[in-house]
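Predicted model and sequence below, questions to follow.
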Amino acid sequence: MFGMIKNSLFGSSEETEYKLLSSETKDGVSYEVRRYDAGKYAAISSEGRSFDQVTGELVRKLLMYVGGTNDQGVAMGTASPIATTVFPRDDGVMSRRLVVGLRIPVAHQRSPPTPSDSAIRIEERPGMTVYALQFGGFAGETEYRAEALRLTRTLGETAPYQRKQYFCCSYDVPIKPYGRRNEVWFLQEEP
């Protein structure tokens, strides 16, 4: 536990790099279209509990992994954002299935340590293009749903994005009291 806290507060931190394809404003709502490269992620899943009930626990497990709870005992630093994949129902409410992912820091991308927690898996994720809407404050299920609805309305019916899932992204450690950065990402459908 100490390794996780030390790594989160004092370890190196990197923001996942992306290529900004465009910055747009529609009906007073600003969003970006970004391209992220493929990479390895530490991921952990949950079914049966709500977003607010389980995300803190899953994020802690991932932070413990990058903080040294792995076969090499190495603290890797952290990468942001922590991206939680949610699967909304037709009425917009999040289902009770989610996947929390943390991109492995660049220095460990080639050969990441094996997690000590068997619930964590290392997965190779393909590159992706996303519509990203940023907002501040402490974000839980209610805030992410509201921002996802705002992005849905802004993009309209014809925008080419996946409607069966989206990402709830957090860039800050839980103890940061202000100036927080959160985002909702919609995955653009590839032509």
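Everything's here; your move.

Please pull out the lowest mean pLDDT helix or strand from the protein.
Counting by mean pLDDT, DSSP states H and E, the chain has its least confident helix or strand at helix 2-10, which shows a mean of 44.

so where does residue 95 fall, helix or strand?
Using DSSP states H and E, residue 95 sits within strand 94-103.

For the most centrally placed residue in the chain, give the beta-bridge partners.
Closest to where the C-alpha atoms of the chain average out (C-alpha atoms, centre = their mean) is residue 83, at 0.8 Å. Counting by DSSP bridges, residue 83 is bridged to residue 101, residue 169.

Contacts only, for it.
100, 101, 102, 103, 167, 168, 169, 185 (C-beta atoms under 8 Å, 6 or more residues apart in numbering). To be clear about C-beta, it is placed using only N, CA and C from the backbone, and glycine gets the same treatment.

go again using 6 Å as the cut-off
Applying C-beta atoms under 6 Å, 6 or more residues apart in numbering to residue 83 gives the contacts 101, 167, 169.

Helices of the protein, start to end?
Residue ranges of the helices in the chain, as given by DSSP state H, are 2-10, 51-66, 141-155.

For the longest one, name the packing helices and strands.
Contacts of helix 51-66 with other secondary structure elements, assessed using 3 or more C-beta pairs under 6 Å, 6 or more residues apart in numbering; DSSP states H and E, are made with helix 2-10, strand 39-47, strand 94-103.

ok, residues contacting that helix?
4, 8, 42, 44, 46, 76, 78, 82, 84, 94, 100, 102, 115, 117, 120, 140-141.
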